[in-house]
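Trainee: heads up, no residue letters with this:
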């Protein structure tokens, strides 16, 4: 980025970090981003988990172009073709979909639905969890550093230690919903114990609380299965989706049973509304991306390539992950930041996680080639010294 453009960027774009990457992007395709100077960067974040089928996939671009020529926004809200396709891939108990613009907005809708459906007031979430930055989403966020400046937030919220079976006893009959990520992404790629999500499902059944899975990051092949809940064999009452759902355009959703979702249609009608949720352009892109994901069996590829990366990177640093969601853990934050800075200088787009500054998260496009995976390992090896 030129000095003049850089100065204008810093002056007029709200800066939420003192170290923006500042790439002046010229184009992107597959797993590669090029800047205006022609330099190529290997994207190991996939636009923060959005580009699961790669950047500007030809099928997605063609679908967007065709939809844009037919119509854009004409009605509130949602495209039934996308909803029907999505529902066909989910259990019947998740067969009704409400589209939103983002993951945080989908979380807000899920919280409202749970509170209204159950008539209860309390929410339970987990330390280290991240569900977005809107008011309700922040209230159940698991990092006090980001909550405290905006308090008071929603009352009647409780955070439990992630992975602690004994702590699940705190879920009671005043609990409307329990919100959890099957794998904590911003929390440092934290994977719960093998029996934990099943135990959580049982506790919610015992108390009548709704179980909400936030799969904004983990869905659409990221963990090696189409949806993260499939890894644990546990079906939630509400499923929250976004990021890769839109194929590169803004799109979120929450899904549940007809009984639970019907609560938004009465007392009062239109109990939850959105103008742009389920926008035709976003749904066209998302539908095309979903078709690519299934046709090319990208969840299975994520499982295979993720296992290979796990082994190869495990010789360099402590590694954990599921599929193509991988965390590299360092002893201290300074070492993590140095490694991320060196990797970026070497042409790899990486960063540390929001809620754990000792972990670099890798979430590359699922179309990452074997050669690009080798390039990533070589680059990270050099960055690690």
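Mentor: Arrived safely, thanks for sending. Being a predicted model, the structure only gives us computed values, none of them experimental.

Trainee: which residues sit in contact with the closest residue in space to residue 261 that isn't next to it in sequence?
Mentor: The shortest distance from residue 261 to any non-neighbouring residue, by C-beta to C-beta, 6 or more residues apart in numbering, is to residue 96 (4.1 Å). C-beta: built from backbone N, CA, C; applies to glycine. Applying C-beta atoms under 8 Å, 6 or more residues apart in numbering to residue 96 gives the contacts 87, 255-258, 260-261.

Trainee: Which of those fall within helices?
Mentor: Secondary structure from DSSP state H places 87, 258, 260-261 of those in helices.

Trainee: which pair in those residues spans the largest distance?
Mentor: Pairwise distances across these peak at 14.0 Å for 87 and 260 (criterion: C-beta to C-beta).

Trainee: The two: which is more packed in?
Mentor: Taking other C-beta atoms under 10 Å, residue 87 and residue 260 do not tie; residue 260 has more neighbours (22 against 16).

Trainee: From residue 270, how far off is that one?
Mentor: Shown here: residue 260 relative to residue 270, a distance of 17 Å by C-beta to C-beta, to the nearest Å.

Trainee: for residue 190, same thing?
Mentor: For residue 190, the distance to residue 270 - C-beta to C-beta - is 38 Å.

Trainee: of these two, who's got more company?
Mentor: Between residue 190 and residue 270, residue 190 has the larger neighbour count (other C-beta under 10 Å), namely 22 against 9.

Trainee: quick one, phi psi at residue 322?
Mentor: Dihedral angles of residue 322 (phi, psi; degrees, to the nearest 10) stand at phi -140, psi 120.

Trainee: Likewise for the one 5 residues further on?
Mentor: Torsion angles at residue 327 (phi, psi; degrees, to the nearest 10) stand at phi -110, psi 130.

Trainee: and it, bridged to which residues?
Mentor: Per DSSP bridges, the residues bridged to residue 327 are residue 320, residue 361.

Trainee: is it true that it touches residue 188?
Mentor: Yes: between residue 327 and residue 188 there is a contact at 5.7 Å, judged by C-beta atoms under 8 Å.

Trainee: Looking at these two now, which is surrounded by more residues?
Mentor: Legend: neighbour count by other C-beta under 10 Å for residue 327 and residue 188, higher for residue 327 (28 against 21).

Trainee: Provide a list of residues in contact with that one.
Mentor: 188-190, 319-321, 353, 359-362.

Trainee: where's the dip in pLDDT among these?
Mentor: Ranked by pLDDT, the contacts of residue 327 bottom out at residue 353 (87).

Trainee: burial count for that residue?
Mentor: Residue 353 sits with 21 neighbouring residues when counted by other C-beta under 10 Å.

Trainee: Show me the strands in the stretch 251-385 of the chain, by range?
Mentor: For the stretch 251-385 of the chain, the strands defined by DSSP state E, counting those that start in this stretch cover 252-256, 318-322, 325-329, 348-349, 351-352, 359-362.

Trainee: Could you export these as CSV, including distance to residue 106?
Mentor: Shown next, in CSV, are the strands of the stretch 251-385 of the chain (distance: least, C-beta to C-beta, whole Å):
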stretch, distance to residue 106
strand 252-256, 4
strand 318-322, 22
strand 325-329, 19
strand 348-349, 26
strand 351-352, 23
strand 359-362, 21
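
Trainee: Which stretch among those strands is buried most, on average?
Mentor: Of all the strands of the stretch 251-385 of the chain, strand 252-256 carries the top mean neighbour count, a mean of 29, counting by mean count of other C-beta atoms under 10 Å.

Trainee: Tell me the neighbouring strands of that strand, and mark each as parallel or antiparallel.
Mentor: Within its sheet, strand 252-256 is paired with strand 96-100 (antiparallel), strand 238-241 (antiparallel), according to DSSP bridges.

Trainee: Kindly check the end-to-end length of stretch 248-255 for me.
Mentor: Length of stretch 248-255, first residue to last, C-alpha to C-alpha, to the nearest Å: 20 Å.

Trainee: correction: stretch 360-369
Mentor: First residue to last in stretch 360-369 (C-alpha to C-alpha) measures 21 Å.

Trainee: Check the offset of that stretch from the chain's centre.
Mentor: Offset of stretch 360-369 from its chain centre (C-alpha atoms, centre = their mean, to the nearest Å): 13 Å.

Trainee: For it, which residues meet the burial criterion?
Mentor: 360-368 (16 or more other C-beta atoms under 10 Å).

Trainee: ok so, going back, relative to residue 34, which of the ones in helices among the contacts of residue 96 is nearest.
Mentor: Nearest member of these to residue 34, counting by C-beta to C-beta, is residue 87, at 37.7 Å.

Trainee: Which residue is the nearest non-sequential neighbour of the closest one?
Mentor: Among residues not flanking residue 87 along the chain, residue 95 sits closest, at 4.6 Å (C-beta to C-beta, 6+ apart).

Trainee: what about the one you found, how many residues close to it?
Mentor: For residue 95, the count of nearby residues is 17 (other C-beta under 10 Å).

Trainee: Likewise for the one 3 residues further on?
Mentor: In terms of burial, residue 98 registers 23 neighbours under the definition other C-beta under 10 Å.

Trainee: Output the below-cut-off pLDDT ranges for this structure.
Mentor: Counting by pLDDT under 70, the chain has low-confidence residues at 1-3, 5-6, 9, 12, 15-21, 76-78.

Trainee: what about the helices in it?
Mentor: Going by DSSP H, the chain shows helices at 3-12, 46-49, 58-70, 80-88, 103-118, 135-139, 144-147, 196-207, 229-232, 258-261, 280-295, 298-314, 333-345, 370-383.
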